[in-house]
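K.L.:
Model the structure of this input:
(2 chains)
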Amino acid sequence: MKKLATMALATAMAAGPALADLVIPDLHYRTGPFAAGGIPFSDGYQDYFTLLNQRDGGIGGVPLRIVSCETAYNTERGVECYESTKGEGSLVYQPLSTGITYQLIPRATADGIPLHTMGYGRTSAANGDVFSHVFNYPANYWDAASVIVNQLLEENDGSLEGKSIALLYHNSAYGREPIRTLETLSEMHGFELSQIAVDSPGQEQGNQWLQIRRERPDYVVMWGWGVMNQVAVQEAINTRFPMENFIGNWWAGAEHDVAQSGEDAAGYRALNMNRLGDMPVFAEIQEHVLDAGLGAGDGTNLGSVLYTRGMYAAILAAEAIRKAQEIHDVADITPAMMRDGMEALEMTNARMEELGVPMIGPEFAVSCEDHGGTGMAIMTQWNGTEWVTLTDFVAPDDSVTQPLVMEDSAQFAAENNISSQCGDS
Amino acid sequence: MFYREAGDFKTTYAEDNQTFPIAFDRYRYYFVLIVGLAIVPFVIDDYWANAILIPFLIYAIAAIGLNILTGYCGQVSLGTGGFMAVGAFTSYKLMTAFPWMDMVTITLLSGVMTAIVGVAFGLPSLRIKGFYLAVATLAAQFFLVWLFNKVPWFYNYSASGQISAPERSMFGFAVTGPNAEAWVKYVFCFVFVFVLAWVARNLTRGALGRQWMAIRDMDIAAEIIGVNPLRAKLSAFAVSSFYVGIAGALLFTVYLGAVEVGEAYGILKSFLVLFMIIIGGLGSIFGSFAGAAFMVLLPVALRNFFAGGLGWDPALATHFEFVIVGALIMFFLIKEPHGLARLWALLKEKLRLWPFPH
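P.N.:
Okay, here's the model as predicted:
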C-alpha cells in the first residue's frame, strides 16, 4: 500500500512541473490477438528513445518523454488513446494499425499533429500535396505489392504470362490495400489473380486453404498480421504447398510467425523494409537500456525482426526531430515544427552508419509532394531457425503505383475539399 | 425521506399518469437534463466528449433499441452489430450521394432503412422462438457484415473498404468530420438520446408496449386475449432496429468518423450491446442507460485509475481491467440477476424509508 502511494505521488510529481521535453506517444498493443506483433515493435520503439535519453540526454539537450497507451488494436480504444495523449504536446503518432490510422488521419490533420505510418495505413497518403500531416515513408503497401511482383518477374525471366497468384489477405482495410495494385499489375503482366479473404483474427483458414489446394496457384502472396500468419504458415505446411512460393508482406515475416513451425516452414519468404542482423546500436541498447533495467519489455526481443523495425521507426522520428530543431533553431519543438522536420528528412548511408545502424534502410529524402520514400524493400527467407536476407533493396514499379496514389488521393481531396498543400509554399 | 409521495397531490389524470409521478424523481430528472444540456456543453473538452460521453450516449441508444426487442418483447437478437452497420452504411451513402442533406434527416433515414431491414430479418420470429431465433438473428449479423464487405458499391469502391464521414454542418456548426467541435457533437447526440428515450419510454407505457410485454410473458395467452403476434413482433423489430440503426449511424458519423465494417460492427458489438441490457436490466429504459454506462465508462475509468493514477504499466492495467470488469459482471449477475435497474429500484425503496426503516 505504501509502495502504491509512493508511486502515485511520484507520478503526480512527475506530471507537475512543466519542464521542456519532447513527448513521444506510443499507441501500442501488448494485449489481444495482435500482441505478438505489437510487443516487439513497441519495445524497439521505446528502447531507442530510452537509449537517446540515457546516452545523449535526449535530442539537442531536451529529454524525450514516452507516453504509452494501450489500444489492443481496437479502433475505438485508439481514438481514446489519441484524445487522451494529444494534449501533452505529442510530436508524432505511430499507431501501428491501419484501422486506427484511418481514424487519425482527419483528426491529426485538424489538430496539426503529424502521423507517421511506416509501411501501413493509407497508401495514398504518400501524396503530401493532399495529406499534409501524414507520412508513410520509407515504403507503402502498393510498393510492397509491386516489389513482390518485380521479384517474381526476375525469377521467371521477366514474364509472368499464364502464371497464377493468389492473394491471401486479412479481411480488413489493411488486407484490402494491395488489391488495386495487384489487379493493375495482373493486367499488365498477364498473370491470373485470385483473392482469398480471411476474416479477422484468422484462426480459421480451412476453407481458404482448401481453395488454394484446389486452384493450385503458382504463388501465394499473403497480407496477414497477428495470429493469421502462424495459422497460414501451418496450413501451407499441411496442404504441402511449396514454401518458397509462399510470400508474405513485411507484416507477415517475423520470427513468431514461423518459429512454431520451425524447420517445416523453411523456405517461406517475406518482404522487409529494413535490414536485419547484428548492428552496433544493439550493443548500446543492451548496455544503456536493458542492463540498466530500463527496457520497455523483458529484453528478449532485442534484434528480432519487428524490434528492429520499431527501432527503425524511432530512428526516423528522432532524425526528424533533429531536422526540425535544425530548421527552426529551437530545441523544444512543437508538433508543427516536427511536421516540417519530417518533410525535410533525408536519410543517407553515412548518417545511418553514424547512428550505428549501417544500411538499415534505403537512402531516401522526403519532400512536400512525396511523403512516401523510395518504396524499396528486401526479400528475406526463413531457413528454419532464422530469417536470412536474400536480395538487396528491390525497387517497386513507380509507373504503376504513382498513378494509383494520385487517383486515390485526388478522390480523397475532392471528398474533403482539400486544396493543394504544396503549391503556395 | 426521499422519493415520498406524501404531500404530492395530483389533481388531474394527466398528472397521475406522468412518467415520473414522484416529485423528487421528477426533479432529479430535470436536474439531469439541465446539467446535460446547459452545463456540460460549456465545460466539455475533446477527451471527455470523444472518449467518454459520446460513446456512452450512442451506446445508450443502441441499448434502448435492443431492450425494446429483447427486454420488452422477449425476442432475443444477436444481430445488433449488423443492424448498426446498416445504419452506418445508409448514412454514408446518403451523405456522399446527397451532400445537401442535413444530418438529422440523414440519421433518421438511416434509422428507417434499418427498420425495414430489421423487419425483413424479424419475419422468422413468427415461426421460431428463443434460442432458434437468436441463431437466425446471428445469421443476419454475419450476412450483413459479409454484404458490406463484399459489394463495393456500399463503400463507394474505395481501395480499402473503409468508409469515412465527410464534413457536414448544422446551423453553421460542423457536426461530423475532424473540425467538429466537441460540444456540437455532444449536443447533437444528447438531443437524439433525449428524444429517442422519451419516445421509447412512452411507447412502452402505451398500448404497443403492453402488447410487446404480453407477447414476452406468454405469447399464446396474449394471442387468446386478442394481441396480434404478427403486428406486435414485427413492430418490436421495426422500432428496435430503428433505434439500433440510429446508434450505428451516429457511431460512424459523429463518433468514429471512419469505420471498417468487420471491426466496428462485428459480432463483438452485438455481444457488447446485449451485455449492456443484461447488466443494466431487461425491460427498463433506465437499465439501458445504466448498462451502457457500466460497459463504456467503467473500462475507461479503470484504465485511467491504474495507468494514469497509479502509474502501472498500460498492458498490465489492460489485463487487470478485463479481470475487474469480468468479476464485476459476475458479481452483479449473482447479487442481482435483474440488473442495475433493479438495484436502483431497491435503493429507491430503501431511501423512501430512510432514516426510519420501522
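K.L.:
In the stretch 1-150 of chain B, what residue lies closest to chain A?
P.N.:
B:Ala51 (4.0 Å; C-beta to the nearest C-beta). Every C-beta, even on glycine, is put in place using the N, C-alpha and C of the backbone.
K.L.:
quick one: secondary structure of the closest residue to that residue other than its chain neighbours?
P.N.:
Nearest residue to B:Ala51 in three dimensions, chain neighbours excluded: A:Glu80, at 4.0 Å (C-beta to C-beta, 6 or more residues apart in numbering or on different chains). Assigned state for A:Glu80: helix (three-state reduction, DSSP: H, G, I helix; E, B strand; the rest coil).
K.L.:
per-residue confidence at A:Thr10?
P.N.:
Quick fix: residue A:10 reads Ala, not Thr. pLDDT for A:Ala10: 44.
K.L.:
go on, A:Asp424?
P.N.:
At A:Asp424, pLDDT is 52.
K.L.:
next one: A:Gln103
P.N.:
87.
K.L.:
so which helix or strand takes in it?
P.N.:
Under the criterion of DSSP states H and E, A:Gln103 resides in helix A:98-111.
K.L.:
what's the closest non-adjacent residue to B:Tyr265?
P.N.:
In space, B:Tyr265 is closest to B:Ala85, 3.7 Å off (C-beta to C-beta, 6+ apart).
K.L.:
Could you list every helix and strand in contact with the helix or strand that contains the one you found?
P.N.:
Assignment of secondary structure by DSSP H and E places B:Ala85 within helix B:80-97. Packing contacts for helix B:80-97, counted by 3 or more C-beta pairs under 8 Å, 6 or more residues apart in numbering or on different chains; DSSP states H and E, involve helix B:54-66, helix B:103-122, helix B:131-150, strand B:163-164, helix B:229-250, helix B:261-264, helix B:267-280.
K.L.:
So A:Arg107 is in contact with A:Gly78, correct?
P.N.:
No - between A:Arg107 and A:Gly78 there is no contact under C-beta atoms under 8 Å: 10.3 Å.
K.L.:
Tell me which residues touch the residue of the stretch 151-300 of chain A found nearest chain B, please.
P.N.:
Distance from chain B to each residue of the stretch 151-300 of chain A (C-beta to the nearest C-beta) is smallest for A:Ala173, at 3.8 Å. By C-beta atoms under 8 Å, 6 or more residues apart in numbering or on different chains, A:Ala173 lies in contact with A:Thr98, A:Gly99, A:Tyr102, B:Ser160, B:Gly161, B:Gln162, B:Glu260.
K.L.:
Distance of it relative to B:Pro178?
P.N.:
Plainly put, A:Ala173 is 18 Å away from B:Pro178 if you go by C-beta to C-beta, to the nearest Å.
K.L.:
in the helix ranked longest in chain B, what counts as buried?
P.N.:
Determined from DSSP state H, the single longest helix within chain B is helix B:182-205. Judged by neighbour count (16 or more other C-beta atoms under 10 Å in any protein chain shown), helix B:182-205 contains these buried residues: B:182-190, B:192-193, B:196-197, B:200-201, B:203-204.
K.L.:
Give the rounded mean pLDDT of that helix.
P.N.:
Helix B:182-205 comes out with an average pLDDT of 95.
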